[in-house]
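S.K.: Next one to model:
(chains A and B)
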Amino acid sequence: GENVEQHPSTLSVQEGDSAVIKCTYSDSASNYFPWYKQELGKRPQLIIDIRSNVGEKKDQRIAVTLNKTAKHFSLHITETQPEDSAVYFCAAYSFSGGYNKLIFGAGTRLAVHP
Amino acid sequence: DAGVTQSPTHLIKTRGQHVTLRCSPISGHKSVSWYQQVLGQGPQFIFQYYEKEERGRGNFPDRFSARQFPNYSSELNVNALLLGDSALYLCASSFGTGGYEQYFGPGTRLTVT
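M.R.: Residues are numbered from 1 along each chain as shown, chains lettered A, B, ... in the order given. The predicted structure follows:
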């Protein structure tokens, strides 16, 4: 079945460093890849997304890259701040089996230390 | 604009009981998706509805059902509750199906005892 793998499961960085989270997907028909940030006890919040016709997208300190051939995409956070600490989820939109569904990775717990 | 709303916020049920969770999407959005998030895991897709029709279904048993109303709000029903159904149930709103941005509601925390 469809699958999204996410690495690493935990990531600890010093404030000001960069953080990179990587995901791979299995459904070659996937064309939409969002990233969500979830703080403890709160809803997942959409922070950036990328579509298959684009290789890279940037929004201030956050960027996402997509390699459709290799079926992987990554989230890059530069100049990390303590408020970036949260769980980050990647996801891929799958159309296989005749149904539309958003498949999530297992999450990366990012800790930014002052 | 109001965001996605869900009710109730918390719910405690006993094994074997039935539960109904409710979701109201962002104004102008016609699609609602339901997800189950077990503690420490990513959201798992349950259903997607668009224009009152089911457009997506995840790997959940038939005890789980949903529907969408003419005003695009939605209900998720779970029958014969099991302990393993304890989770955060999230509703996501989007303009349509396919690669549209999905915005999540605050969720309903269901505890089955």
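S.K.: use CA for all of it now, contacts and neighbours both
M.R.: Noted.
S.K.: and the least confident helix or strand in chain A by mean pLDDT, how far out from the chain's middle?
M.R.: For chain A, scoring each helix and strand by mean pLDDT, DSSP states H and E identifies strand A:101-104 as the least confident one, at a mean of 91. Chain-centre distance of strand A:101-104: 12 Å, with Cα atoms, centre = their mean, to the nearest Å.
S.K.: and the next element down the chain from that strand?
M.R.: strand A:108-113 (DSSP states H and E).
S.K.: buried set for that following strand?
M.R.: A:108-113 (16 or more other Cα atoms under 10 Å in any protein chain shown).
S.K.: can you put these in TSV and add pLDDT and distance to A:Ala91?
M.R.: Listed next are those as TSV, based on pLDDT from 0 to 100; distance: Cα to Cα, whole Å:
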residue	pLDDT	distance to A:Ala91
A:Thr108	98	12
A:Arg109	98	15
A:Leu110	98	17
A:Ala111	98	21
A:Val112	98	23
A:His113	96	26
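S.K.: which of those residues are close to chain B?
M.R.: Among these, proximity to chain B is found for none (Cα under 8 Å from any Cα of the partner chain).
S.K.: before we move on, back to that, what does the least confident helix or strand of chain A contact?
M.R.: Residues from elsewhere that reach strand A:101-104, judged by Cα atoms under 8 Å, 6 or more residues apart in numbering or on different chains: A:2-4, A:89-95, B:42-45, B:47-48, B:56-58.
S.K.: One more: stretch A:76-85?
M.R.: For stretch A:76-85, the external contacting residues (Cα under 8 Å, 6+ apart) are A:14-21, A:39, A:61-64, A:109-114.
S.K.: just how off-centre is it within its chain?
M.R.: That offset, for stretch A:76-85, works out to 14 Å (Cα atoms, centre = their mean).
S.K.: Tell me which residues touch B:Phe69, please.
M.R.: Neighbouring residues of B:Phe69 by Cα under 8 Å, 6+ apart: B:Lys52.
S.K.: right, I mislabeled it, should have said A:Asn67
M.R.: A:Asn67 sits next to A:55, A:73 when contact means Cα under 8 Å, 6+ apart.
S.K.: do the same with A:Thr10
M.R.: By Cα under 8 Å, 6+ apart, A:Thr10 lies in contact with A:108-111.
S.K.: which of the contacts of stretch A:76-85 count as buried?
M.R.: So, by 16+ other Cα under 10 Å, the buried ones in the contacts of stretch A:76-85 are A:15, A:18-19, A:21, A:39, A:62-64, A:109-113.
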